[in-house]
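# Got a predicted model here, sequence first, then my questions.
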Amino acid sequence: MTATPPARHCEDLLAALTTFRDSADLAARWGEHLAATLSAGARLLAAGNGGSAAQAQHLTAELVGRYREDRPPYSAIALHADTSTTTAIANDYGVEAVFARQVGAHGRPGDVLMLLSTSGASANLLTAASEARRAGLTVWALTGPAPNPLQAAADETLCVEAATSATVQELHLVAVHMICESFDQAVAARRQAARLPTADTAPATPLARHRLAHLSEDTALRRDQA
């Protein structure tokens, strides 16, 4: 039986997902890296065009808001979402500069720039990647099939091998959720570790405080007799 077009769409997605599962480790590592850097005060910048812009904004929304469990908010900005800024830059400097100029304004060394593109060839994302590398940001990219120009411009790239842009975008959303899952797990682990008492910070029992006081007195007495 020949599959209908909608059914073929599902078949294409399932076929691409089989290969895409190999990307889980990279997505997990990205989430862990974001947990460490954003917890230390860094920021995630994200950008894309069209449907990829929606995926980029989905990622930043999950970090500023939440993914599943409640936790503190983290700094993440979708660069395309400020319409006044993007249209002003496009009008004055050209469309290729709409993201690069914002990276120059908001990006700091240690920040991360996430770029999403089904083609991996969008000129405004390539100029943004170049500006980010110049400014000391780490550049990650979610793209379609490799090789592509954005893959070469980024520090690391998760390339989706799929026949259509629609399938690539669908798997980009899966990647976004995997990153958020890993991020939340890493943040929870860091917060739990920060709450655990150590030998230096654990509250002393009355007996321990008594012994510590006597030890201090003993040490002081020996110092006076020396």
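Good, I have the coordinates.
# what number of residues lie near Thr164?
14 (other CB atoms under 10 Å). All C-beta atoms are positioned from the backbone trio N, CA, C, and that covers glycine.
# ok, it to Leu115 distance?
Noted for Thr164: a distance of 20 Å to Leu115, by CB to CB, to the nearest Å.
# what are the ranges of the helices in this protein?
5-20, 24-39, 51-64, 83-93, 100-106, 123-135, 149-153, 165-195, 206-225 (DSSP state H).
# Select, out of these, the one closest to Ser75.
Within the helices of the chain, the stretch nearest Ser75 is helix 24-39; the backing value is 6.4 Å (CB to CB).
# quick check: mean pLDDT across the closest one?
Helix 24-39 shows a mean pLDDT of 97.
# residues in contact with the residue nearest to the spatial centre of the chain?
Central residue of the chain (CA atoms, centre = their mean): Leu34, 4.7 Å from the mean position. Counting by CB atoms under 8 Å, 6 or more residues apart in numbering, Leu34 makes contact with Leu44, Leu63, Tyr74, Val112, Ile179, Phe183.
# tell me the contacts of the fifth one?
Just to be clear, that refers to Ile179. With CB under 8 Å, 6+ apart, Ile179 has these contacts: Ala27, Trp30, Gly31, Leu34, Leu59.
# pLDDT below threshold where in this structure?
1-4, 196-226 (pLDDT under 70).
# same thing but at 50, please
Across the chain, the ranges flagged by pLDDT under 50 are 1, 199-205, 207-208, 211-212, 215, 221.
# hang on, the earlier thing: now restrict the contacts of Ile179 to buried residues only.
For those, a burial check counting by 16 or more other CB atoms under 10 Å picks out Ala27, Trp30, Gly31, Leu34, Leu59.
# I figured the third one hits Ala186, correct?
Yes - taking contacts as CB atoms under 8 Å, Gly31 lies within contact range of Ala186: 6.2 Å.
# shared neighbours, these two?
With contacts defined as CB under 8 Å, 6+ apart, no residue is shared by Gly31 and Ala186.
# Select, from the contacts of Leu34, the two members most distant in space.
Greatest spatial distance among the contacts of Leu34 (CB to CB): Tyr74 and Ile179, at 12.3 Å.
# send the alpha carbons of stretch 25-42 over as CSV?
What follows is stretch 25-42, C-alpha atoms only, in CSV (Å, rounded to 0.1, in the frame of the first residue of the first chain):
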residue,chain,number,x,y,z
ASP,A,25,25.4,12.9,23.7
LEU,A,26,26.2,16.2,22.1
ALA,A,27,22.9,17.7,23.1
ALA,A,28,23.4,16.5,26.7
ARG,A,29,26.9,18.0,26.8
TRP,A,30,25.6,21.3,25.5
GLY,A,31,23.0,21.3,28.3
GLU,A,32,25.6,20.6,30.9
HIS,A,33,27.8,23.3,29.6
LEU,A,34,25.0,25.9,29.7
ALA,A,35,24.2,24.9,33.2
ALA,A,36,27.7,25.6,34.3
THR,A,37,28.2,28.9,32.4
LEU,A,38,24.8,30.4,32.9
SER,A,39,25.0,29.6,36.6
ALA,A,40,28.2,31.6,36.7
GLY,A,41,26.6,34.6,35.1
ALA,A,42,27.1,34.0,31.4
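# Much appreciated, bye for now.
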